[in-house]
Each structure stands twice: as structure tokens, then as C-alpha cells.
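[1] Give me the fold of what follows.
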Amino acid sequence: MTTFNTGLAAKQQRLIQRARILAEIRAFFVEQQFLEVETPQRIPCNAPELYIDPIPSADHSLQTSPELCMKRLLAAGYPRIFQLCHCWRSSERGEKHLPEFTMLEWYRSHSDYNELMLDCEGLIRHLAPTEEIIYQGQRIDVTGGFEHLTLEQAFSRYAPIALQQSIEDDCFEEHYSEHIEPQLGITKPTIIYDFPTSMAALARIKDDDPHHAERFELYIAGVEIANAFSELSDADEQRQRFSAEEQQRRDLGKPATALPGPFLAELAAMPPSAGIALGIDRLIMLLTDANTIDQVVAFCPEDL
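    Below you'll find the predicted structure:
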């Protein structure tokens, strides 16, 4: 007897919209003279990050991000590149999380995070079907400039304690997720920028402010959509950050991983650059007014 998967059939309209959105993303970047690239998704090691666990694949890992290979392309002289690809992160599952998800990353050489902010504004306006995004009854205006707040300003406006105090008390994540994130991108998209150096990750430190890194996050309707940096190009500093992050992972009992040697060897050749990672499934969820991320992918892990 033939069975009919009603749940899968119910997704058809949103999957049609998904295909259109992906085509529009490609068109946007091609028009901006970006080269679409494809890099391996199974790699010897990922950049070590304390709260992101890669999924092993024999003696390699599935990529948590394509950034290492894409930065090697920047170092080899590619000026503008973008990629739409699948990434994997262990133990990530929720209304806005999937262990296998689609990422958009793009990079500009001879650039910084300010140009990426403009890219974000242009891309969102290009993708919005009207002059606003309507998500779960919220109307988010995308016609004007996006709201810009430093991380410190966001804490001053929305959190019960100051940013530095939250870091010293080891409760940053709690206050950020509970008090700040729900307030971001409610009437217009919000860019939170200039993170403390302790949260720099792979970002370059500001020339005129050694206490902050050139990093920003983009929010729409309280949902984080993207994370961006002016890229660190000092190989020695990057090696030190990787080593410190890896030691923190080991201290928590997480599996050890090697450092990405070829990336570190070529990093000094990378010109001043900026890069951003944007979660495609989350963006499509917002653009199609879906309750959960499950509604915008054909198959969830539980369906297989």
C-alpha cells in the first residue's frame, strides 16, 4: 500500500520559496562581482571553538564552517568570494537549530566589517518581498538604515547589569540571551558591534581601541542571523588564540583537535579582509514566517 507523507507534502510551498531565495542570494552576489566557490566539507580539523563541537568523520571532521578554506583563497589572491554550503555541529537541535544546516559565507579582501554591514543591508532589502519582513505578527522595516548598537550600549539599554560586570560574574550568556536578544531587530534589523577582545574569536582588534574587536552580529525579530569580523591576519596571534581555545576545550573534557597548519602557514599572505557567516535556514524561516526551522528544510534529523 502506498503511503503519503503529509508532513513532507505540507512543506512544499516553503521549499519553493526556499529555492527562490537561494537563487536570489546567488544573483545578488554575482551582481556584486563575487565569485561563488566550493570548498571541501570534510576537513582535517576545524578552527577550535569552545562552544562548537565538530562531528568526526573517520580521521577528519565535517566542517563547522568553510572559513578556513575560504580565507586560504583570500590569501591566494581571490578578491571577493561567497559560498552556500552545508555545515555540521554536534548536539545542536532546537526550534532555531539543526545539527546539519546551510550556511552562507562571503569574504571581501582589502575591506573591513563596515563594508559587510552595508552588504547585509543590501542583501536583506534584495530578499524581502516588500519593504518589510512580517514575522509572527511583527513588522520589521528594511527600507531605512539598520539600527546599530555597540554591545556595551545594548547592555546599558536592556540588561540589569553592565557588560563588564556580566563578564566578570560569568553570566554574559545568560543576560545576553534573556534580556538583550529578544529586544533586537524588532522594528528594524539590528547590528550589534564592537565586542570585547575576550570575545574576538577570529576578529581583528580595533586600531584605535585595544579593548574591542571589529566583530558584529545581525539580528532580525530577536533571532541572530549572522556573525561577522574584520579578519585577523597575524598568524602568531591567531595561533595563540587557537591554542588558548583548544586548552579551554581540553579543560572541559572535550576531544582534542589539531591546529589547522596550512591555514596558519598561509594567513600572513591574506590582505586586510572581512568575512561573515549567515544562517540560511534561519533567514528563510524569517522570510517565510515559519514557526520553527523544521518547516523550511525538507528533512529534519528525526525524519530520516
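[2] quick one: the helices in the stretch 101-250 of the chain?
    With DSSP state H, counting those that start in this stretch as the criterion, the stretch 101-250 of the chain has helices at 113-127, 151-158, 163-168, 172-175, 235-251.
[3] in the longest helix seen in the chain, what's buried?
    Across the chain, the helix with the greatest residue count (assigned by DSSP state H) is helix 12-31. Neighbour counts over helix 12-31 (16 or more other C-beta atoms under 10 Å) mark 14-15, 17-18, 21, 25, 28-29 as buried. In short, each C-beta sits where N, CA and C put it, glycine included.
[4] Report the contact partners of Glu168.
    In this structure, Glu168 makes contact with no residue, judged by C-beta atoms under 8 Å, 6 or more residues apart in numbering.
[5] Please read the previous query as pertaining to Phe299.
    Contact partners of Phe299, counting by C-beta under 8 Å, 6+ apart, are Leu8.
[6] can you tell me which helix or strand it belongs to?
    If you go by DSSP states H and E, Phe299 is not part of any helix or strand.
[7] Could you check the pLDDT of His212?
    Residue-level confidence at His212 comes out at 96, pLDDT.
[8] ditto for Tyr176
    Listed pLDDT for Tyr176 reads 97.
[9] next one: Leu202
    Looking at Leu202, its pLDDT is 88.
[10] Then the one 4 residues further on?
    Looking at Lys206, its pLDDT is 96.
[11] what bridges to it?
    The partner list for Lys206 in beta bridges (DSSP bridges) reads Asp209.
[12] now Tyr107
    Listed beta-bridge partners, Tyr107: Ile81, Gly275 (assigned using DSSP bridges).
[13] how about it, what does it touch?
    Applying C-beta under 8 Å, 6+ apart as the definition, the contact partners of Tyr107 turn out to be 70-71, 73-74, 80-82, 231, 273-276.
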